[in-house]
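[1] Provide a 3D model corresponding to the input given below.
(one chain, ligands or ions: 1)
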Amino acid sequence: MNYEMLTLDAPVTGVALLTINRPKALNALSPQVLGELLSALASVNESRDVRCLLITGAGAKAFVAGADIAAMSSMSPGEAREFALKGHACMRMLELMPFPVIALVNGYALGGGCELALACDWIIASDNAVFGQPEVNLGICPGFGGTQRLSRLVGKALALDLICTGRQIKAEEALRIGLVNRVVAPDRLLQEGLDAANAIAAKAPLAVKMSKHLVQRGQDLDLANANAMEADVFGFLCATDDRREGMAAFLEKRPANFTSK
Ligand code: COA
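    Now for the predicted structure:
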């Protein structure tokens, strides 16, 4: 499928690289971008070969500078609600992808851009990255899940600080508060993402998939039920060929050859 506002590549086997490609508007998320994102995510989700998805923004300046303010400026309440629901659908798809999704934040990640990064499983940022939820400057609140995912990741007080003041933070502070996992030089960002993706691709696919499933689904459960689900999945994985292969390879002191069965 051809996209106007994004590119979808396979830089190495098992890795998909999705780039929001609208650099003149700092990759702002318009309804069209969200529509393309939904269809690209559906196609990546269906691919049997993908083991990790990397998401970044085109150009040197921005990951995504937010939802498209020009488009939002003329939306009716009903249209704005539809727009928010479309954003939520994209973010939820990322969380439910059957493999890890890593945001490579290469500049501004503001508003919907910060929310997009937050919906990925973790974030690697370049040292020129800037994060923020500046919606209060525009008379709105975060609309793609920022109020919930930011507070779950960095805690209620810091989330409220960022959301209610609209202040923007640099990569260093984002690292300190646990918003990002790692900060690297801009020219290292893609390689860091590929290194992480390659490390994931070398592991047992079902084990990675189910581990993500447990962490993501477990967030919505109480501890007892989440742990019960973990025990069930642990039992299920013990019935796989990959468990036999992984443990045999360890005991025989050789690399494992996983088959995803
Ligand atoms: N929606 C629509 N267009 C956007 C945008 C957004 N969220 N963010 C940037 N753009 C556009 C600008 O309108 C400008 O377009 P133009 O060249 O046609 O005038 C272009 O991208 C470049 O942005 P500009 O503001 O000139 O760059 P800058 O380096 O001076 O500032 C930012 C960069 C990110 C600080 C600034 O663009 C900004 O504050 N953007 C909005 C951030 C925001 O509030 N996001 C949350 C939205 S809910």
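[2] the stretch 101-250 of the chain: helices as residue ranges?
    112-119, 146-154, 156-165, 171-176, 189-201, 205-218, 223-237, 241-251 (DSSP state H, counting those that start in this stretch).
[3] pLDDT of stretch 167-178, averaged?
    Stretch 167-178 carries an average pLDDT of 98.
[4] which residues are in contact with it?
    105, 110, 123, 125-132, 134, 153-154, 158, 161-162, 179-183 (Cβ atoms under 8 Å, 6 or more residues apart in numbering). Where C-beta positions appear, they are placed from N, C-alpha and C, glycine not excepted.
[5] just the residues you listed: which are in strands?
    105, 110, 123, 125-126, 130-132, 182-183 (DSSP state E).
[6] interface residues of the chain facing the ligand?
    Counting by Cβ under 6 Å from any ligand atom, the chain comes close to the ligand at 25-26, 28, 65-70, 108, 110-112, 134-135, 138.
[7] now with 8 Å?
    Counting by Cβ under 8 Å from any ligand atom, the chain comes close to the ligand at 24-26, 28-30, 61-62, 65-72, 108, 110-113, 130, 132-135, 137-138, 140, 142-143, 168.
[8] returning to that earlier point: can you flag the buried ones in the contacts of stretch 167-178?
    105, 110, 123, 125-126, 128-132, 134, 153-154, 158, 162, 179-181, 183 (16 or more other Cβ atoms under 10 Å).
[9] neighbours of Thr56, how many?
    Here the count is done by other Cβ atoms under 10 Å, and Thr56 has 25 residues near it.
[10] and Arg48, by the same measure?
    Using other Cβ under 10 Å, Arg48 has 6 neighbouring residues.
[11] show me what contacts the closest residue to Glu230 other than its chain neighbours?
    Excluding the flanking residues, the one nearest Glu230 by Cβ to Cβ, 6 or more residues apart in numbering is Leu214, at 5.3 Å. Leu214 makes contact with 226, 229-230, 233 under the criterion Cβ under 8 Å, 6+ apart.
[12] in stretch 82-101, what's buried?
    Buried residues in stretch 82-101, defined by neighbour count with 16+ other Cβ under 10 Å: 83-84, 86-88, 90-91, 93-95, 97, 99-101.
[13] check stretch 206-216 too.
    206-212, 214.
[14] kindly report the same for stretch 54-62.
    Those would be 54-59, 62, for stretch 54-62 by 16+ other Cβ under 10 Å.
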